[in-house]
Each structure stands twice: as structure tokens, then as C-alpha cells.
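Colleague: Predicted model and sequence follow; I will ask about them next.
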Amino acid sequence: MKNSALRVEEYSSDLDVRVAPKDAALSMAHIYIAFSAFLVGAIAGLLQGLVRGGMIELPSWLGYYQILTAHGVLLALVFTTYFIFAFLFAGMSRTHGAFSDRLRKLSWTGFIVLTIGTLLAAVLIILNEASVLYTFYAPLTAHPLYYVGLTLFVVGSWISGAALLAHYFSWKKAHKGERTPLFGYMTVATIVLWIIACLGVAVTVLLQMIPWAFGLTDEINVLLSRTLFWYFGHPLVYFWLLPAYIAWYVSIPKIIGGKLFSDSLARMAFVLFLLFSIPVGFHHQLMEAGISHMWKFIQTLLTFVVIVPSLMTAFSIFGTFEQTGRAKGGTGIFYWLHKLPWKDVRFFAPFMGMIIFIPAGAGGIINASFQMNAVIHNTLWVVGHFHLTVGSTVLLTFFGISYWLIPHLTGRKFTPFLNRLGMVQTWLWAIGMFFMSGGMHLIGLLGAPRRTAYTTYQNHPDALVWFEGIFTNYITIAIGGVILFVAAVMMFYNFIYMTWLAPKGDTEFPISEPAEDASETPKVFENWKLWIGIAIVLILFAYTIPIYDMIVNAPPGSPTFDYLIK
Amino acid sequence: MSKNNANLETNKKHVPTETDSSSLKGTFIFTMSIGLFIVLSWSAIFFLFLNRM
Amino acid sequence: MHLHRYEKIWLTFGIGSLIIFLTVLGVSAFAMGHQPPSHMAKVDPQNVRSEAPFDEPGLRQIDETTYQANIIAMAFTYQPNKIEVPVGSTVRFHVTSSDVVHSFTIPNTNVNFMVTPGHINMAEHTFTEPGTYLVLCNEYCGTGHHHMQMTIEVVE
């Protein structure tokens, strides 16, 4: 029991290495926006759940698809991106030393551009000029300035990403021949992935949507813009997931009092994500015309390759747990589990995220399974799926990070009180998600569509079934949503508490010492030119011919349809 | 002799603890059950797909 | 780089399962014809009604038990929005859009495909049970998206 009990004094170990105060201010600026967006996005989510269940009706000045757009943009894009940059800036400062004034200035520039883009998009959503959902599929048309906002968002993230990359490479220059810290290595893989991925959305927004929405061109090539969007859309989900994996590989081993199982396997997993998470976008377009079977199947095959690094991660992380539990005297096949700090939310919240990743990953394999996609495509099953992946695995890990990141940055203490709040928050989130996502998966198998306001399809029996089951019921989903909303409000309070209310003091930024095998890690992993080169070759292989065909053999294009969203 | 015996004793004790502390049996069973879960859920949906044809 | 023996077994099992999944899917698709809907035919989305087959949307009988249904999806309905076939019929749905992206989805069947403007997409289904089948749009297409539906009457 002693090992699993909360021992506050442990949180004050390793305090000599800190995030530099000026970098902490930059990181906290991101945190403020992240959690403000989180609260508003959670309110939108609650309203959606209640509307779909037929329990409330929205006032006439607020549209269902408007709050659906707000929910997706604020949580999936704004909260995640801001939190990720807060975590990466702080982590790079902690592991690679303080940013130079020049790079910090560059990072602030990125933050400002990102924020201008966010505010512009937010204003247009509030004005109901951009109810096109966060995927903004053409030819539905938002206000032209909405696309400008999205562009600034991406440009801002690139500037911030460039600052992170420059910081890593200047460390590398100053430490010739040394193995780079794992945190920096993984940050580079994440940012490089993000920059390559954004090229697709940049091309469709800058070259197709902006000229078309401003009236400079009359028509848009719909299939091409969808393809460029999904070239970006799948690595986007890895941009959310990889920072969570960074915390699993780098911080969690330290929190549980052990060290990472294998350095080279960790690096290899990240390289595989960089290589295989981009040339796979067609698995989001399996049900659409104009892309041949063969190219769809090739990208399905590549999608299955990107499952492998997650299989490796499952072994590495659980192996780390087992080695740590045994080093602390645990025995038996599973009895060593008792040695893990179950009552420490810094471990427990991400752990819950890991467990939820099992059904999330299994569902993902089903979704990508070529013709089988017809069973679930655009049904609520998909919504249930990504509320497990990004909505639980990634978010619970980000919450787990918050419990030490925010007090570390604000110079406050991680208190037993905060730990208790966090434990309750984690359980509420997991229970709420069980009902909401579980219900969504099953009701999706019964054909319930995603992204659709309350409807019984003129009381058609196939649609009424969605209101009649015990678990397969919109009401169950709404109840799960209410529980999640309570958990979200708690998390917002935890953010307030950690930022302004907790007692002054110190909290550790946990970074695990290198794994035993770190010295044997092959040098080739640091060869970024090689990995980026292979990634580009794979992308060209998977996309050149189908995109060429979409351009050369394009049907006549589509005009704008902005009246349909108002 | 006694010295040798003592050495044997340590060896005896040492070997099993080391095997135990570096054992990944739990990890193995855990990951294989993930695999089983994936195979079962995939098969379930595949049969649903066949059934709906 | 060292892989633990258990990790080798785990990855072999995991990767092996993925290969089996892909093989099953590949054989079912390429050898038995259960392909995902990927029709390559194109149409001018701003003039869909000017050329065959969408100049006359509706049902056409091909042989004793086979029909072709030519359907235009639009915000927020389908044209025609009701068709009737005898039980046991196989219906080939040819669908295109005259405005934005829609879907053509019959719950509890594998008919669930995207309808993108400029393209004709298709799927085939044999109706073995009588009843009123619901068709709905599961791709957001504007403020009235949740009203978009049609029905298929399968009669004895």
C-alpha cells in the first residue's frame, strides 16, 4: 500500500531543472486560450447531446450546425493545438535549455498569428457565417474570411513549429555526436509530421477555396479539395496523438518511479508514424466516387502499416510498467500491478487514456477496412470512435500532463486536494464517455447518422429504434454527455486552481532518465533527411497518380453554396 | 568449501530474482489479450457486413 | 536494436492478424466483387438534368428482377423521393448531386455511399424482405440536412 499512497514530498524531486520563466510565460499563454476554448466547446457539446435526444430545443438565434461547428473547431482544433504547443515549448525548454531571445520572439509571433486566425474564425462562427463544420467540405461555402482565419491558424502553427525545430537543431549543433534527448526527438517528429500534413490543407485553402469564396474563380474541383483535405486530415489525428505518446514515453516512466523500457523502440515508433501516417487519407474516402479501387486498397494497406507503431507502443509502455513494478518488489504475473501509483492522477488519468485506446484502436482498424467501411461510414459509430481516440486517450493524457505542467509553470504546488479532484474528474470522464461513446458506437451500427440535428425521419420505424433501446438510445448518449460536461467543468476549475489558487511552491516537470539501451540506439534514427525523404517518396507514390487523374479528368466544377448554411 | 557454498547460495538466490525482475510475462499476456480483442471485434463487424449484403 | 522475445511474438501475432484482415478484405473485394463504391462516371453538376440518365430520374426495369434507380440528391431531398419494387428485386442505385455533397444511405444495409457533385456513385442491393425502407443523407449538407430522406417500398 505504501507505494501506491500519495506522497507529496515525491513531487518535489528533480526541481533543479526547470522551464525558464520567460518560456513558462509563453507556454502559459497557450494554456489560457486552450482551456477557455475547452469550456466553450464543452458547453456546445452538452447542448448538442440534449438537442439530439429531443430533450431541449435551441433558441432561434442559435443553430444546431452552428454549435456543432463551434464544438469541433474549439475542441479538436483550438484546444488540442494550443495545448500541444504549450506542452512542447515547456518540454523543449526543460530538456534542451531556455529558448534564445530570438527564437522566443519567433514563438510569440507564431502565437499571435495563430490567435488572430482563431479569433477571426470564432467571430465568423458566432455570426453564423461559417456553419460548415470543422471539415469545411466544398462546395458548401463559408464567409471568405473564415478561410483566411484557417490560413492564419496554419501559418501561426508553422512559425511556432519552426521555433521548436530551430531550438532542437541548435542544441544538436552545440552537442555534436551526442544522442538528442528523447523529448526533442519526438517533438521534431511531431512538428515535421504537422508541417508536411498541412501542405495539403494549405494547397486546397489557398489555391482552391479562397479564390473561389472571394469570387475570383467560378468553380471548385470538389473531389480534389476533399482529397487534399484528407491528405491533411489523417496525420492531423496523429498530431493530436503523438504529444500524448511523448508523455507516455518520456514523463510517465518518471512518474511511476521507473525508466523507459527501450529508447530505440520509442524512436522507431515515432519514425514509423512520420512515414506512414500521411499516405493514407483515402481511408476516409472509401465510400466516394472518382477514386479507383486499386488506389483505395493501396492506401488501406499503408493504413494498416501505421497500426504497427501503436502495437509497439502498447508493449513498450506496459513493459515499462511491469519492469518498474518488479523493480519495486512486485511479483507474479500481474501482482506487480499493485506497485503502480494508482492514487496519483498524474499516472491514473493517462493510464485510463491508454486503456480506452484499446477499443479506440480496434474501432479504427474496423473503420479503415476497405469495403467494410460501408457498415459504419458517417454513422454515429465514427463520432463514438473519435471521442475515444482524441476525446479520451488524448484528452485524458493532456489532463494528466496539466496536473504537473500548469503548477510547474505557475510556481505552485500539486496538492493532495488537486489530486483528489483530478481522480474524480478522470472517473467522471471515463464513465461519461462509456455511456456516450458506447451508445454512439451501437446506435451507429443501427444506421444513426452523424452530424444530424434531432429527427425521427417522419417517425420511420428504423429511426424510432434510436430512441427506444436501453443502451442504443439518444437519451443514453445525452446522459453520458451531461456527465462529461460535469467532468469538463471540473477540469476547468482545476485549471483555474492550478493557475491562480494553489499554494505557491514547486512542482516537478517529470522527465525520465534514458533507457538502459539508450547508448545502443542506432545513429540512423537522427538522420532526419533520410526519414523526410522516405516520407515524401511514400506520399508521392500514394497520391501522384490519383491526384493527376482528379485534375486531368475532372468533371465540371461546382459554384459556391453559401445560402445553404444560413 | 564454505566460501564456495556461500557463493552458490548467492547465485541460487540471484538468478531467479533477476529473471523475475526482468520478466515481461504480464506484458505479454496483456498485449496478446489486446490482440484477441482486436480480432474478435473486427470479425464481429465483418460478419455484420456479410450479413447485410 | 534488441527486441524482447515476447515482443517478437506479440508483433508477429499483431502484424499477422493485420495481414489476415487485409487478405480477407482483398479476396472479398477483388475476387468476389464486394468492392467499396468507387464509380468513375462523371457528370456536369450544374446541368445534371440535361443528360441521360438523370434527364429522367426514376426507376427503370432491366430484366425480370433487376432495376436501375437513377436518383438526384439535392438539398434537402431526393428526386424521386419514393420508389417501389417487388420483393426479391435487385436494385442498382445510380446517384448524383445537383448541389453539395450528400450521401445515399439505407440503414441496416451496406448501401451507404457518398454523393459528390460531378460524380455518379453507385451500389447494388437485393431486397429480400418486404417493407418501407428509409433512405437518409448522412453527410452534412446545410440547415435542413436532417430532413433529407426518401423511401423505398418493397412490396409482395
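Modeller: In hand now; what should we look at? From a predicted model like this one, the values you see are computed outputs, not experimental measurements.

Colleague: Up against chain B, what does chain C have?
Modeller: Selection of chain C residues close to chain B by CB under 8 Å from any CB of the partner chain yields C:4, C:6-7, C:9-10, C:13-14, C:17, C:21, C:24, C:34, C:108-110. (Each C-beta comes from the backbone N, C-alpha and C, glycine too.)

Colleague: filter those residues to the buried ones?
Modeller: The neighbour count (16 or more other CB atoms under 10 Å in any protein chain shown) marks C:4, C:6-7, C:10, C:13-14, C:17, C:21, C:24, C:34, C:108-110 as buried among these.

Colleague: when you check chain A, which of those residues turn up near it?
Modeller: Intersecting these with the contacts of chain A gives C:4, C:6-7, C:10, C:14, C:21, C:34, C:108, C:110 (criterion: CB under 8 Å from any CB).

Colleague: Pick out the most distant pair among those.
Modeller: Within those, two members stand farthest from each other by CB to CB: C:H4 and C:N108, at 45.6 Å.

Colleague: Can you tell me which of the buried ones among the residues of chain C next to chain B is closest to A:S369?
Modeller: A:S369 lies nearest to C:F21 out of these, by CB to CB, at 6.5 Å.

Colleague: Name all residues that make contact with that closest one.
Modeller: Applying CB atoms under 8 Å, 6 or more residues apart in numbering or on different chains to C:F21 gives the contacts A:304, A:365, A:369, B:42.

Colleague: Show me the shaky parts of chain B.
Modeller: Across chain B, the ranges flagged by pLDDT under 70 are B:1-21.

Colleague: Up against chain C, what does it have?
Modeller: B:24-25, B:27-28, B:31-32, B:35, B:38-39, B:42, B:46, B:49, B:52-53.

Colleague: Which ones among those residues lie within helices?
Modeller: Taking DSSP state H as the definition of helices, the residues of chain B next to chain C contribute B:25, B:27-28, B:31-32, B:35, B:38-39, B:42, B:46, B:49.

Colleague: element containing the residue nearest to A:T190 when sequence neighbours are not counted, please.
Modeller: Leaving out its chain neighbours, the residue that sits closest to A:T190 by CB to CB, 6 or more residues apart in numbering or on different chains is A:L242, at 4.4 Å. Secondary structure from DSSP states H and E places A:L242 in helix A:222-246.

Colleague: Run through the neighbouring helices and strands of that helix.
Modeller: Contacts defined by 3 or more CB pairs under 8 Å, 6 or more residues apart in numbering or on different chains; DSSP states H and E place helix A:222-246 against helix A:80-96, helix A:182-203, helix A:263-276, helix A:395-410, helix A:528-552.

Colleague: let's see it at 7 Å
Modeller: Judged by 3 or more CB pairs under 7 Å, 6 or more residues apart in numbering or on different chains; DSSP states H and E, helix A:222-246 is in contact with helix A:80-96, helix A:182-203, helix A:528-552.

Colleague: which one of those helices is the most hemmed in?
Modeller: Greatest average neighbour count among those goes to helix A:80-96 (a mean of 26), per mean count of other CB atoms under 10 Å in any protein chain shown.

Colleague: still on that earlier bit, kindly reformat the ones next to chain A among the buried ones among the residues of chain C next to chain B as a markdown table containing secondary structure and pLDDT.
Modeller: Below are those laid out as a markdown table (DSSP: H, G, I helix; E, B strand; the rest coil; pLDDT from 0 to 100):
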| residue | secondary structure | pLDDT |
| --- | --- | --- |
| C:H4 | coil | 89 |
| C:Y6 | helix | 94 |
| C:E7 | helix | 93 |
| C:W10 | helix | 96 |
| C:G14 | helix | 97 |
| C:F21 | helix | 97 |
| C:H34 | coil | 93 |
| C:N108 | coil | 96 |
| C:N110 | coil | 96 |
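
Colleague: So which of the helices and strands packed on helix A:222-246 is nearest A:Y137?
Modeller: Closest of those to A:Y137 is helix A:182-203, at 12.3 Å (criterion: CB to CB).

Colleague: ok and the residue in chain A nearest chain C?
Modeller: A:G447 (2.4 Å; CB to the nearest CB).

Colleague: Show me which residues of the helix or strand harbouring A:V424 are buried.
Modeller: Taking DSSP H and E as the criterion, A:V424 maps to helix A:416-445. Along helix A:416-445, these residues count as buried under the neighbour rule (16+ other CB under 10 Å): A:418-419, A:421-423, A:425-426, A:428-430, A:432-433, A:435-445.

Colleague: do that helix and chain C meet?
Modeller: No. For helix A:416-445, no contact with chain C is found by CB under 7 Å from any CB of the partner chain; the gap never falls below 8.8 Å.

Colleague: and after that helix, which helix or strand comes next?
Modeller: Remark: after helix A:416-445, the chain's next helix or strand is helix A:461-464, criterion DSSP H and E.

Colleague: from memory A:T389 sits against A:A360, does it?
Modeller: Yes. Counting by CB atoms under 7 Å, A:T389 does reach A:A360; the two are 4.5 Å apart.

Colleague: that older thread, for PyMOL, write the selection for the buried entries among the residues of chain B next to chain C.
Modeller: Burial among the residues of chain B next to chain C is assessed by 16+ other CB under 10 Å; the matching PyMOL selection reads:
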select buried, chain B and resi 24+27+28+31+35+38+39+42+46+49
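
Colleague: Distance to C:P117 for the residues of chain B next to chain C - can I get that in CSV?
Modeller: Listed next are those as CSV, based on distance: CB to CB, whole Å:
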residue, distance to C:P117
B:L24, 54
B:K25, 57
B:T27, 51
B:F28, 52
B:T31, 46
B:M32, 48
B:G35, 43
B:I38, 37
B:V39, 40
B:W42, 34
B:F46, 32
B:F49, 28
B:R52, 28
B:M53, 29
